[in-house]
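Predicted structure and sequence below. I'll ask about it afterward.
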Amino acid sequence: MVVADDSVTMRTIIQKELEASGFTVVTCSDGLETLMSLRGMETPPDLITLDIDMPRMDGFACCEQLRALERQGLFGNPEAQIPVLFVSANDTFENRSRGFHLGSLEFISKPFDRGDIAAAVCKVLRPQSIFSGMTALVVDDNQSVRKMVGACLERIGLSIIEAVNGRQAYARMQEHVDRIDLAIVDFDMPIMCGDEFIHLSRQLPETEHLPMLSLSGSGDANAVLRMFRAGATDYLVKPFIAEELLARVQVHLQLRRHMRRLEEMNRNLYDKAVNDALTGLRNKRYFQEAFEEAFARAQRIGIDVSCLFFDLDHFKQVNDTCGHGFGDYVLKTVGALIKETVRRGDLAARFGGEEFVVALPNTDLGQAKCVAEKIRRLIAAHPFRDQGLQWRVTVSIGVASLLSARPSSACGLLQLADQALYRAKRAGRDRVETAES
């Protein structure tokens, strides 16, 4: 692998990224040095990355001379070309066009993200790894077509699931919907045709962004329209060339991969917005909004809802004596103990500092007090040990319920539980008090 760039920093970044992917790298500072290095090699490099703006000889001139040398038999075969990737901050339409005219396979704009160079190189040199781990469902009643399509897709790393008709394909889709990344579907099939299969598959919530390519034996506009109305993403007319199929498939799979990354980013952002980073419980803001909804629902349909408000006893002493690292360990462990005690429909949150709160829908005061006692005993009995430090942790808990106290708002119910908590503190701590006591 040859990397040409006049920036020492950029050469080092690209070199380290490629070496981490298993490539051996030779670096050059400009186009002239690149050509001199190539003339001294017995075998051609697997690939060359070229900056455009370099002293003595720029990337375009270097590529032009390289192509001339190749035609003269630089490495023996006058028809062979070394793959070239341009990596430049001078990203314009004219430069991209000129680069591709010279046979460049990729144009990467600076600054680039970590992994972009290695991904582009692997796309050229290791095409079977591009979509490794992804799966395609190939649906056609013609075995030859299935095998041909499957062989094309396997070239870029896809695993294949086959089906001979729409009914069988729908069964496969239901069974493997979580791992299918692409469906290629014939239009005219026995038992169940392609448009019916696509229509049924689109009813599954997991297929909302699943690319589905239709195959048709003719370019009949009505057939194509039926497939698009059913939910097809794209279509090809048989017979087709493998390169066109792969070009279309790669566009759709790249988009699917980007969609998945975006969905993952959105999930992470949502988690950060609603969860407490230390304990993994919901945060105060989320709890207040959700508790107001639970309270309003309970009032509307006439059921009970209870609230537990609790505070770790003498927590300042934990931080002062053992340090904030141990204090964080205590808070995290208490959060885990709460989470394993409450039901799936309950709502547990860290309210702030060493304060925690739990909402218990459809739970009366007596039942809520039992839950509070269970949590109190569990925490008191737990051995809090970390990195050679140990502390006995206890909690005081206040309990209030809608039907026993009749507050007018969720905030009012929370205040009643808070008042009961402070009665528990005054009564000696490590105890449960109710709002009606």
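Now that the structure is in, tell me what you want to look at. Residues are numbered from 1 along each chain as shown.

Tell me where the stretch 201-350 of the chain is predicted with low confidence.
By pLDDT under 70, the low-scoring segments of the stretch 201-350 of the chain are 219.

Mind doing that once more with 80?
Scanning the stretch 201-350 of the chain for pLDDT under 80 picks out 217-220.

which stretches of it form helices?
Taking DSSP state H, counting those that start in this stretch as the test, the helices found in the stretch 201-350 of the chain are 221-230, 242-274, 284-301, 315-322, 324-341.

Let me know which of those is the nearest to Thr49.
Taking C-beta to C-beta, helix 242-274 is the member of the helices of the stretch 201-350 of the chain nearest to Thr49, at 21.1 Å. From N, CA and C alone the C-beta is placed, and that goes for glycine too.

helices and strands around the closest one, which ones?
On a contact count with 3 or more C-beta pairs under 8 Å, 6 or more residues apart in numbering; DSSP states H and E, helix 242-274 meets helix 143-154, strand 180-186, strand 212-216, strand 234-237, helix 284-301.

Buried residues in it, which are they?
Of the residues in helix 242-274, 245-246, 248-249, 252-253, 256 count as buried by neighbour count, 16 or more other C-beta atoms under 10 Å.

Report the beta-bridge partner residues of the nearest residue to Gly323 once chain neighbours are set aside.
Closest residue to Gly323 apart from its sequence neighbours, by C-beta to C-beta, 6 or more residues apart in numbering: Leu389 at 7.9 Å. Listed by DSSP bridges, the beta-bridge partners for Leu389 are Asp386.

Tell me how many other residues surround the nearest residue to Leu153 once chain neighbours are set aside.
Closest residue to Leu153 apart from its sequence neighbours, by C-beta to C-beta, 6+ apart: Ala136 at 5.1 Å. For Ala136, the count of nearby residues is 25 (other C-beta atoms under 10 Å).

Pretty sure Ala136 sits against Leu158.
Yes - with contact defined as C-beta atoms under 8 Å, Ala136 and Leu158 form a contacting pair (4.8 Å).

Spit out the residues that contact the two alike.
181-182 (C-beta atoms under 8 Å, 6 or more residues apart in numbering).

what residues are up against Ile195?
Careful, residue 195 is Asp; it's not Ile. Contacts of Asp195 (C-beta under 8 Å, 6+ apart): 187, 214, 226-227, 229-230, 232.

Would you check how far apart Met265 and Asp181 are?
Going from Met265 to Asp181 by C-beta to C-beta, to the nearest Å gives 19 Å.

How about Leu413, nearest residue that isn't a chain neighbour?
In space, and not counting its chain neighbours, Leu413 is closest to Pro407: 4.6 Å by C-beta to C-beta, 6+ apart.

Next, the one you found: secondary structure please.
Going by DSSP: H, G, I helix; E, B strand; the rest coil, the secondary structure assigned to Pro407 is coil.

Counting neighbours, what do you get for it?
Using other C-beta under 10 Å: Pro407 sits among 19 other residues.

what do you get for Leu38?
By other C-beta under 10 Å, neighbour count at Leu38 equals 22.

How is it assigned, secondary-structure-wise?
Leu38 - assigned by three-state DSSP - is helix.

so who does it touch?
So Leu38 contacts 2, 44-45, 66, 69, 74 (C-beta under 8 Å, 6+ apart).

Can you turn the buried part of those residues into a PyMOL selection?
Entered in PyMOL, the line below selects the buried ones among the contacts of Leu38, by 16+ other C-beta under 10 Å:
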select buried, resi 2+44+45+66+69+74
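
tell me, what residue is most central in this protein?
With distances taken as C-alpha atoms, centre = their mean, Glu264 lies nearest the centre of the chain, 3.2 Å away.

so how far is Gly115 from that one?
16 Å.

Which residue, other than its chain neighbours, is closest to Thr382?
One correction, residue 382 is His, not Thr. Counting by C-beta to C-beta, 6+ apart, the residue nearest His382 is Leu337, at 6.4 Å.

OK, contacts around that neighbour?
The contact partners of Leu337, by C-beta under 8 Å, 6+ apart, come to 375, 378-379, 382.
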